[in-house]
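Asks: Here is the input, now give the coordinates:
(one chain, ligands or ions: 1)
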Amino acid sequence: MSAPGKQSGREGGRSLKTRVKTARKRSLASTLWLERQLNDPYVARAKREGYRSRAAYKLIEMDDRYRLFKPGGRIVDLGAAPGGWSQVAAARVKAKEGKGRVVAVDLLDMELVAGVDFAVKDFNDEDAPEFIKAMLGGEADGVMSDMAANATGHRATDHLRIVALAELAADFACDILAPGGFFVAKVLQGGTEGQLLARLKRDFASVRHVKPAASRADSAELYVLATGFRGRLR
Ligand SMILES: C[S@@+](CC[C@H](N)C(=O)[O-])C[C@H]1O[C@@H](n2cnc3c(N)ncnc32)[C@H](O)[C@@H]1O
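Replies: The predicted structure is shown next:
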């Protein structure tokens, strides 16, 4: 036991040396993150063009290539904060007559995006699918999931968590999409998506993986894009 007033050097079972090492690692990680943000052309472009996130350019690229959004379309955005994808979807479905609809949910609150109905909701909640269905009030033409749980740094765990969210989103998509609709979800490179892919191949006419230019080359992130939903009654 240490003398009164003197630091024991141990807290929560970790030595002072370990704590200092962890704090240094964290501070280095945040310095590197900041440096990367400052040097990132997509961050600068998002700021210039009024997008909430650099992620907006991933969706813009996918839509420019695969024509996902139709004027008047009804879109669900899962894991929407801070709102870049919602901005893109709203602008594109409402482009002609202003008739489209975008509903968005996230664990975190976000500033409202013009033309988007947003609610704070954990998609893992049992009532989330019914809650979102009630928000939209009918079938959707597209379900997008950019959901990502906070990274643990443990590759296998992060992978399982992200695929679990994508699987949940795919179940929801197959329940709410109108025939011909699309589904896009973030996944990570490196396996264990087998079941998800098999399921999507059964329910959609076309399934592909997409790595948009705005998705960082050193990140394992990529998107699974399924188009041409075959419908529920088969
Ligand atoms: C990469 S960000 C999305 C960025 C967004 N697409 C954009 O363009 O601004 C991932 C989001 O997923 C959300 N998320 C993670 N797990 C979730 C869950 N279970 N339910 C709802 N949102 C979730 C996080 O809170 C986070 O805001």
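
Asks: Provide a list of residues in contact with residue 229.
Replies: 173, 174, 177, 178, 179, 180, 181, 182, 183, 203, 204, 205 (Cβ atoms under 8 Å, 6 or more residues apart in numbering). Quick note: C-beta positions are derived from backbone N, CA and C, even for glycine.

Asks: what about the last one, which SS state?
Replies: Spelled out, that is residue 205. Recorded secondary structure, residue 205: strand (DSSP: H, G, I helix; E, B strand; the rest coil).

Asks: Okay, and the residue nearest to it when sequence neighbours are not counted sits in which element?
Replies: Leaving aside its sequence neighbours, residue 205 sits nearest to residue 228 (Cβ to Cβ, 6 or more residues apart in numbering; 3.0 Å). Applying DSSP states H and E as the criterion places residue 228 in strand 221-229.

Asks: can you tell me if stretch 129-144 touches the ligand.
Replies: No - remark: stretch 129-144 sits outside contact range of the ligand, by Cβ under 6 Å from any ligand atom, the gap being at least 7.8 Å.

Asks: Repeat that for stretch 81-90.
Replies: Yes - using Cβ under 6 Å from any ligand atom, stretch 81-90 reaches the ligand at 81, 82, 83, 84, 85.

Asks: pretty sure the third one contacts residue 110?
Replies: Yes - Residue 83 is within contact range of residue 110, at 5.1 Å (criterion: Cβ atoms under 8 Å).

Asks: Give me the common contacts of those two.
Replies: With Cβ under 8 Å, 6+ apart, residue 83 and residue 110 have common neighbours 52, 118.

Asks: list the buried ones in stretch 146-155?
Replies: 146, 147, 148 (16 or more other Cβ atoms under 10 Å).

Asks: which among those are in contact with the ligand?
Replies: 146, 147, 148.

Asks: How about the secondary structure of the last one?
Replies: So that's residue 148. On the three-state scheme (three-state DSSP), residue 148 is labelled coil.

Asks: Around the ligand, which positions in the protein sit nearby?
Replies: Contact residues, the chain versus the ligand (Cβ under 6 Å from any ligand atom): 52-53, 55-56, 79-85, 105-108, 122-124, 146-149.

Asks: I'd like to know which of the residues you listed are buried.
Replies: When the residues of the chain next to the ligand are checked for burial by 16+ other Cβ under 10 Å, the buried set is 52-53, 55-56, 79-85, 105-106, 123, 146-148.

Asks: Return the subset of those residues lying in strands.
Replies: 105, 106 (DSSP state E).

Asks: Among the buried ones among the residues of the chain next to the ligand, which lie within helices?
Replies: Those of these mapping onto helices are 56, 84, 85, per DSSP state H.

Asks: Off-centre distance for the top helix by length along the chain?
Replies: Assignment by DSSP H gives helix 16-39 as the longest helix of the chain. The chain centroid and the centroid of helix 16-39 are separated by 25 Å under Cα atoms, centre = their mean, to the nearest Å.

Asks: which helices and strands does it pack with?
Replies: Contacting helix 16-39 under the criterion 3 or more Cβ pairs under 8 Å, 6 or more residues apart in numbering; DSSP states H and E is no other helix or strand.
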